[in-house]
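In: Show me the folded form of this:
(2 chains, ligands or ions: 2)
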Amino acid sequence: MNADRRPGGRELTPARMNLGDLIRVGSAGLRSRPTRILLSALGIAVGIAAMISVIGISSSSREDFNQQIAALGTNLLTVSPGQDLFGEEAHLPETAESMIDRIGPVESATSVGILSDTMVYRNDHVPEEKSGSIAVMRAQTGLLDTIGGTVAAGSFLTEAMQDFPAVVLGATAADRLGVGSVGPEQQVYLGEQWFTVIGILDPVPLAPEIDTAALVGWPVATDILDFDGHATTIYTRTDPDAVEAVQDVLGPTANPEAPHEVDVSRPSDALAAQHAADDTLSALLLGLGSVALLVGGIGVANTMVISVLERRGEIGLRRSLGATRGNIRNQFLAEALFLSTLGGAGGLVLGVGVTTLYSTIQGWPTLVPAWAIASGIGATLIIGALAGLYPAVRASRLAPTEALAVP
Amino acid sequence: MTVKQKPVVVLDSVSKVYAAGIRALDDVSITIEAGELVGIVGPSGSGKSTMLNVLGTLDRPTSGKVFVNGHHVGELTDRQLSALRARTIGFVFQQFHLAPGVSALDNVADGQLYAGVTRAVRLRNAERALIRVGLGHRIGHRPHELSGGERQRVAIARAILGDPMLLLADEPTGNLDTTAGESVVALLRELHTSGTAVVVITHDHEIADSLPRQVHMRDGRMISEAAIVAAVGRGSQEVSS
Ligand SMILES: Nc1ncnc2c1ncn2[C@@H]1O[C@H](COP(=O)(O)OP(=O)(O)OP(=O)(O)O)[C@@H](O)[C@H]1O
Ligand SMILES: [Mg+2]
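Out: Ligands and ions are numbered 1, 2, ... in the order given. Got it, this is the predicted structure:
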C-alpha cells in the first residue's frame, strides 16, 4: 500500500463513465418527475407532429397527383396557333396535322377546330347572349384515345355517326346546358338546327378545354356549320422517351414558314405547375410547425433550468461522490436529450397517424418521406441539445459547496 | 504500524476569507493521520463546515496549503480533485441527500458511480456495505420507508462504498434523536477501528467527549486541540468561556 508506488495518475484521473451509466443517470431525473416531463415533452411532440403531418399530407397529396399524372401520361403535347408578328391571331396551316403525324416518335395526332361563330343552346328560345360560353368544336373519332378521355354516358363520335347532326358534350358543357342523359329525346340547338346528344364525357384533366366544348363530327362541321378548316388545337401522343425532342420540333413541323407563330405546350407540366402553387400554403403551415417546435424547445429548456435549480443538493452530492463538471454537464444534457426524444418520438407517431388518417379519408396513398422522419429526429436531437446545453453548463459550473448549502 | 504512513490530510496555515472580510477559517493548521477519529466542535458559525469542505477538497482555501494523501490540492485541477474525491474521500451530510424513490441498494451503489466500477460490482459492494451498516434487511426499501437513523446509515454505506481513506461527516446526527445518533456514532467508531480516518462535526458534547481527538473552533480559529487522555474539562471550559 505504498501510495508513491501507485501509478501517480490513477488516484487523480477521473474514470470515464460508460454509456449505460450515463443513460441510467440521465433518465433517473425523468422518472422522478413524470408529470412535468410528459407535459414538456408534449410541447416538442406537438411541434414535430405538426411538421410531420404537414409534410406527410402534402407529400401524400403529391403522390396521389403523381399517380394520377402517371396514369394520364406525361407524353401528351398540344399544338395551337399563337400570334403573328403584328399581334394578330395566327392560324395553323391545314397541313399541320398530317406533317406532325409524320414525325417518327409521334404515336397519334388528332385535332379539334373551334367553330367560333357557332353557338349551342338548350332550346331555340334562349337569347343569343346566354350561350353559356360553350365552344363548339369539330373533332375526330380518335380524340378520346389521344387525350385520354372517357365517356360518362352514351358514346363518342364514330365514323358512322359523323354525318348526322349528333353532338358529344364535355362534362362542364353538359352541366351548363342541363343535359344529364343521352338519347334521341336529348336535343340541343346548335348553329341553326337541332342536334342529338349522343354522348357526355367525363372531365379530361389534361385537356380541360374539352370539358366546356360541344363536339361535332368533321363532315357535319364542314357541310352544315361552315367550318373554315383550320385546326385550333392538335393533340399528339409521343413515345414517352422522346417527348422533349418532339416538343422542340413540333413548332417548325406544324408551320415551317413561321415556327414562332405556334404554341407548343405539355399539359402535364401545366398541371404540375398548378399543383406546385399549393406549396406556399405548405410552407406557411411548416413555418407554424417550426414555431410550435421552437416553443416546445423553450419548454424543455425551462423544465431543465427548473430541474437544475431544484436539484442543486443532488448536484453537490454527486460532486462530493467524485463527479467531474463534465459528468454533471453530461447528465443534464442526456436528460434534456431524453426529454426531447420522448417528445419527438411521440410527435412522429402522432404526425404519421394524422397523415394516415387524413390521406385515407381523402383516398390518397399515405406517404411520409424518410427525409421528413430523419429531419424530425434530427430536429429533436438538436433542440434537446440546445435546450439542455445552458442548464447543463450552469449545473456543471455550480461550486460544490454552494450546491450543498441548499437546504 | 510498522511503516509510518503519510498523513491523510494536512492543513498548513489555511485561511478562508469570504467577501465582506468574513474569515471563516483563520490560519488553521492540522494534521490528520491515517485511521484517526477526530471530532470538530464549536459554536455555530465558527467555521466547522468550512473546514470540513476544505479538508474534503470541496472548497479551496484563500491562502495556505492543503495536502490530501500527499497531493498538494492547490496544484490540482478540478478534474483531479473530482477523481481524488471519488476514490479517497467519503462524505456524510446532515441532510442525508438520498435520491427519493430509489432503493437503498441503488442509492448506496451510486457511491462508486464515478470511480470507474461496473454496475454489477457496485451493486455487490452496495449490498455488502448495507449489511455492514446493519441494514441488510432494508436493501429494497426506499428512503421514505426508512427511519432517520436508517437513512443516515444508508448515506454512510454510500460514503464508504469505495473504502475511502477519509470519511468526513458534517453533523451526521444533527437530524436524529439520541438513540439513532448513538447508532450512527457507533458505526463511525467501527469504521475508525477498521482503519478509516473519520472526521466528524458534532454539536453533541457527549458524543464529542467520547471521541479520541477533538478540535475546538471559534471564529474561524482552532482554539484548542484536546486528546481524550488530556484534560477533557479544560477543552470544554475553553469552548464555553
Ligand atoms: N458562501 C459564504 N459566503 C459568505 N460567508 C460564508 C459563506 N459560507 C459560510 N460563511 C460564513 O463563514 C462562517 C463559518 O461558516 P460555517 O458554515 O463554516 O460555520 P459552522 O461552524 O459550520 O456553523 P454551524 O454549526 O451553524 O453549521 C459563518 O460566519 C458564515 O456566515
Ligand atoms: Mg456547519
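
In: per-domain residue ranges of chain A.
Out: As given by automatic domain parsing, the domain ranges for chain A are A:19-68+A:277-404, A:75-275.

In: so does the first one get close to ligand 1?
Out: No: interface with ligand 1: domain A:19-68+A:277-404 contributes nothing (C-beta under 6 Å from any ligand atom), its closest point being 6.8 Å away. All C-beta spots, glycine's among them, are computed from the backbone N, C-alpha and C.

In: Enumerate the residues of chain B near chain A.
Out: B:6, B:53, B:56, B:58-59, B:69-71, B:76, B:78-80, B:82-89, B:91, B:93, B:95, B:97, B:99-102, B:110-111, B:113-119, B:158 (C-beta under 8 Å from any C-beta of the partner chain).

In: now the residues you listed: which count as buried?
Out: Neighbour-count burial (16 or more other C-beta atoms under 10 Å in any protein chain shown) is assigned, among the residues of chain B next to chain A, to B:53, B:56, B:58-59, B:69, B:71, B:76, B:78, B:80, B:82-89, B:91, B:93, B:95, B:97, B:99, B:102, B:110-111, B:113-117, B:158.

In: and the residue nearest the centre of chain B, helix, strand or coil?
Out: Residue closest to the average C-alpha location in chain B (C-alpha atoms, centre = their mean): B:Leu168, at 1.0 Å. When classified by DSSP: H, G, I helix; E, B strand; the rest coil, B:Leu168 comes out as strand.

In: got the contact list for it?
Out: Taking C-beta atoms under 8 Å, 6 or more residues apart in numbering or on different chains, we find B:Leu168 in contact with B:Leu52, B:Leu55, B:Gly56, B:Ile89, B:Gly90, B:Phe91, B:Val92, B:Val199, B:Val200.

In: Check what pLDDT it gets.
Out: The per-residue pLDDT reported for B:Leu168 equals 97.

In: Skipping adjacent residues, who's closest to it in space?
Out: In space, and not counting its chain neighbours, B:Leu168 is closest to B:Gly56: 4.7 Å by C-beta to C-beta, 6 or more residues apart in numbering or on different chains.

In: And the contacts of stretch A:223-231?
Out: Against stretch A:223-231 from outside (C-beta under 8 Å, 6+ apart): A:81, A:91-92, A:94, A:96-97, A:111-113, A:115, A:117-118, A:136, A:138, A:163, A:165, A:190-191, A:193, A:216, A:218, A:221-222.

In: All the helices of the stretch 101-250 of chain A, residue numbers only.
Out: Applying DSSP state H, counting those that start in this stretch to the stretch 101-250 of chain A gives helices spanning A:143-147, A:171-177, A:218-223, A:243-254.

In: can you redo the ones you listed as a markdown table with mean pLDDT and distance to A:Phe65?
Out: Shown next, in a markdown table, are those (pLDDT from 0 to 100; distance: least, C-beta to C-beta, whole Å):
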| stretch | mean pLDDT | distance to A:Phe65 |
| --- | --- | --- |
| helix A:143-147 | 87 | 18 |
| helix A:171-177 | 86 | 20 |
| helix A:218-223 | 80 | 35 |
| helix A:243-254 | 82 | 19 |
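
In: what's the closest of those to B:Glu225?
Out: Evaluated over the helices of the stretch 101-250 of chain A, closeness to B:Glu225 peaks at helix A:243-254, with 98.9 Å, by C-beta to C-beta.

In: Mind listing residues that contact the closest one?
Out: Here helix A:243-254 makes contact (C-beta under 8 Å, 6+ apart) with A:74-75, A:77, A:79, A:92-93, A:96, A:99-100, A:102-103, A:105-106, A:234, A:236, A:238-239, A:259-260, A:262, A:264, A:266.

In: Show me these that map onto strands.
Out: With DSSP state E as the criterion, strands contain A:Leu77, A:Val79, A:Val106, A:Ile234, A:Thr236, A:Thr238, A:Val262, A:Val264 from among the contacts of helix A:243-254.

In: quick one: least confident helix or strand in chain A?
Out: None of the helices or strands of chain A scores lower by mean pLDDT, DSSP states H and E than helix A:267-276, at a mean of 76.

In: what does that one contact?
Out: Identification of contacts with helix A:267-276 by C-beta under 8 Å, 6+ apart yields A:Arg62, A:Phe65, A:Ile69, A:Leu72, A:Gly73, A:Thr74, A:Leu76, A:Thr78, A:Pro205, A:Leu206, A:Ala207.

In: what's the most buried one of the domains of chain A?
Out: domain A:19-68+A:277-404 (a mean of 19; mean count of other C-beta atoms under 10 Å in any protein chain shown).

In: Could you save the helices of the stretch 101-250 of chain A as JSON lines and add columns showing distance to A:Gly289?
Out: Formatted as JSON lines, these follow (distance: least, C-beta to C-beta, whole Å):
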{"stretch": "helix A:143-147", "distance to A:Gly289": "40"}
{"stretch": "helix A:171-177", "distance to A:Gly289": "38"}
{"stretch": "helix A:218-223", "distance to A:Gly289": "55"}
{"stretch": "helix A:243-254", "distance to A:Gly289": "37"}
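
In: Of those, which is nearest ligand 1?
Out: Closest to ligand 1 of these is helix A:243-254 (C-beta to the nearest ligand atom; 78.5 Å).

In: Now do that closest one and helix A:267-276, the angle between them.
Out: With axes from the mean of the first three to the mean of the last three C-alpha atoms, to 10 degrees as the basis, helix A:243-254 and helix A:267-276 are set at 120 degrees to each other.
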